[in-house]
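K.L.:
can't give you the sequence, but here's the structure:
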Ligand code: CAO
């Protein structure tokens, strides 16, 4: 079998000239399959993946992002396997579904007046192949004057979104579709009054028209290529779904945003299903220019919008009174991003219980003289860490992380526990390693050391990595309970509130007991309620009787 160098060129993209390369999806040396996407092209009306017509190893890439390409331009060269009789055979990239020129009959549109002042009402039909698409945006209204190529509506299928442009300048007479409608074969989108005859229609046949020899209709057809519905394009190009990108916006909006240097991930879409409209981009620019919105940082974008949720509108607080604008520390900004990310990504469940620490506290107090001698401060926290480690060993279903492939759970065989520390620079979570293997004194000393490091901003990134579980204690500060946010990729966190003496029924009478309010939040994707119940019960039993740690 000979290996020949062949080329893949831009296929028929509906006659569009100068489509911009917005993505190169392959690299020299890649071995690609037939139909594998190699680049993405974008016009002002559509973006589309260009698949390779050949399989083989890429030896050269002739284009880069930003280049403007037309049909026939060479995209890549590759060593293609086959019976190649000669090297450097240039192959047409893809079979364009355009019929032979002979088949291209001019639609026999009846002669119409050429008087440039005469007007005529024409139909703008559903583009070929777009039958069954949903109307997701209507950009014009009856009475609107439009220029040729102005977008009229946006259609969307499950694979692509496409804008239908005006076939010529004119005035919208009647809108025959509304947002949410499904288009029908042979359907009409709107009627419009145009100057002169429908002559431009014949001068600009669509690719779809060129494949068919349909009887002439007295109807305008959107000029090529605008957006090729995937049905018509399946042999040559697959139109990129706008949802496959991070933002939900059509090609024209993306182009407009690029011209305005706007990062669309920072714009909140108010269109159907959060789609970004031109008005949204303009409003964003206005807000930035007027200082209402700071030029967004990633942190700000997380704050203003997440998971397609409408952002919180900016407020000019000065209208209510005097304010100071205090810059956030780096840690605070990171915490804000992480909390938002964890809150939005993790389905949280929080369970509450009171642990009886009466005996633990008398044991701890009894150890105080020895603690002083050792130079350590023995608060309830090292005991809680030890109890959590024992619970993680006894109930390993809590010592896991979700694997990023979404198909596995990572079961950990080590027990590292993070402790939330309220430091002057913000909330930090240093991690104590192998808590299950350490004695109480060792833990107390290490805990003091990391808290000291945290409060003096001396923690390095490594000190805060590798946790399996977190303990967040507001016990010294007060409060009866709170719902802590899971610290991903961990799947659970224990919130500790202020212990109080409470009456507890011992079977024959109420007894004053020192009760510690605990709240256990967990990621319900990884942990189910039964596991949580067992974990919590075990944890409380160990806290209530620390002798159980010896078992
Ligand atoms: N109930 C009652 N008293 C408590 C208690 C509790 N749950 N926890 C601690 N105390 C007592 C301690 O025993 C100590 O008293 P003594 O000196 O008489 O023994 C006193 O409160 C002060 O404790 P401490 O604050 O020095 O130490 P700690 O081990 O309890 O906590 C630390 C250390 C670093 C966890 C804590 O200072 C801290 O920063 N917590 C903030 C956590 C946070 O911000 N979490 C985020 C919340 S949202 O997830």
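P.N.:
Perfect, thanks for sending it. Keep in mind the model is a prediction, meaning the values are calculated, not measured.

K.L.:
biggest strand in the chain, by residue count?
P.N.:
Criterion DSSP state E: the longest strand present in the chain is strand 510-523.

K.L.:
now for it, which elements pack on it?
P.N.:
Counting contacts by 3 or more C-beta pairs under 8 Å, 6 or more residues apart in numbering; DSSP states H and E, strand 510-523 is packed against strand 348-356, helix 358-374, strand 492-496, strand 500-505, helix 529-544. All C-beta atoms are positioned from the backbone trio N, CA, C, and that covers glycine.

K.L.:
Now render those as a markdown table, adding distance to the ligand, mean neighbour count and mean pLDDT.
P.N.:
Output for those, formatted as a markdown table (distance: least, C-beta to the nearest ligand atom, whole Å; neighbours: other C-beta atoms under 10 Å; pLDDT from 0 to 100):
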| stretch | distance to the ligand | mean neighbour count | mean pLDDT |
| --- | --- | --- | --- |
| strand 348-356 | 10 | 17 | 97 |
| helix 358-374 | 8 | 14 | 96 |
| strand 492-496 | 5 | 25 | 98 |
| strand 500-505 | 8 | 12 | 97 |
| helix 529-544 | 11 | 18 | 97 |
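
K.L.:
quick one: pLDDT of the closest residue to residue 457 other than its chain neighbours?
P.N.:
Closest residue to residue 457 apart from its sequence neighbours, by C-beta to C-beta, 6 or more residues apart in numbering: residue 425 at 5.4 Å. Turning to residue 425, the model gives it a pLDDT of 86.

K.L.:
next one: residue 216
P.N.:
Per the predicted model, pLDDT is 32 at residue 216.

K.L.:
circling back to that earlier point, let me know the angle separating the longest strand of the chain from strand 492-496.
P.N.:
150 degrees (axes from the mean of the first three to the mean of the last three C-alpha atoms, to 10 degrees).

K.L.:
Quick one: mean pLDDT for strand 510-523?
P.N.:
98.

K.L.:
In it, which residues are buried?
P.N.:
The neighbour-count check on strand 510-523 (16 or more other C-beta atoms under 10 Å) flags 513, 514, 515, 516, 517, 518, 519, 520, 521, 522, 523 as buried.

K.L.:
and the ligand, which of those residues contact it?
P.N.:
Taking C-beta under 6 Å from any ligand atom, the overlap between the buried residues of strand 510-523 and the neighbourhood of the ligand is residue 516.

K.L.:
Tabulate the buried residues of strand 510-523 (TSV), appending distance to residue 486.
P.N.:
Shown next, in TSV, are those (distance: C-beta to C-beta, whole Å):
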residue	distance to residue 486
513	30
514	28
515	25
516	21
517	19
518	15
519	12
520	10
521	6
522	7
523	5
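
K.L.:
and which of the buried residues of strand 510-523 is nearest residue 192?
P.N.:
residue 523 (54.5 Å; C-beta to C-beta).

K.L.:
The closest one - nearest residue in space that isn't next to it in sequence?
P.N.:
residue 491 is the one closest to residue 523 (C-beta to C-beta, 6+ apart), at 4.1 Å.

K.L.:
ok, back up a step: so what are the sheet partners of the longest strand of the chain and their directions?
P.N.:
strand 348-356 (antiparallel), strand 492-496 (antiparallel), strand 500-505 (antiparallel) (DSSP bridges).

K.L.:
Show me the residue of the protein that gets nearest to the ligand, please.
P.N.:
With C-beta to the nearest ligand atom, the shortest gap between the chain and the ligand falls at residue 475, namely 2.0 Å.

K.L.:
Next, that residue: phi, psi?
P.N.:
The phi and psi torsions at residue 475 (degrees, to the nearest 10) take the values phi -60, psi -40.

K.L.:
Identify the residues contacting it.
P.N.:
380, 496, 497, 498, 499, 516 (C-beta atoms under 8 Å, 6 or more residues apart in numbering).

K.L.:
count of residues packed around the fifth one?
P.N.:
By that I understand residue 499. 20 (other C-beta atoms under 10 Å).

K.L.:
That one against residue 513, yeah?
P.N.:
No: Residue 499 is not in contact with residue 513 according to C-beta atoms under 8 Å; the separation is 10.0 Å.

K.L.:
Looks like residue 276 contacts residue 253 (just checking).
P.N.:
Yes: contact criterion C-beta under 8 Å: residue 276 and residue 253 qualify, at 5.6 Å.

K.L.:
out of those two, which sits in the busier spot?
P.N.:
Between residue 276 and residue 253, residue 253 has the larger neighbour count (other C-beta under 10 Å), namely 28 against 25.

K.L.:
can I assume the more buried one is in contact with residue 264?
P.N.:
Yes: counting by C-beta under 8 Å, residue 253 touches residue 264, with 7.5 Å between them.

K.L.:
any common contacting residues for those two?
P.N.:
Joint contacts of residue 253 and residue 264 (C-beta under 8 Å, 6+ apart) are 276, 281.

K.L.:
can you pull out the strands in the stretch 151-300 of the chain?
P.N.:
151-156, 161-165, 170-175, 188-195, 238-239 (DSSP state E, counting those that start in this stretch).

K.L.:
which residues sit in contact with the closest residue to residue 394 other than its chain neighbours?
P.N.:
Nearest non-adjacent residue to residue 394, counting by C-beta to C-beta, 6+ apart: residue 538, 5.2 Å away. With contact set as C-beta under 8 Å, 6+ apart, residue 538 has these partners: 390, 391, 394, 395.

K.L.:
and the gap between residue 538 and residue 387?
P.N.:
9 Å (C-beta to C-beta, to the nearest Å).

K.L.:
Could you do residue 8 as well?
P.N.:
64 Å.

K.L.:
Likewise for residue 33?
P.N.:
55 Å.

K.L.:
Kindly report the same for residue 360.
P.N.:
9 Å.
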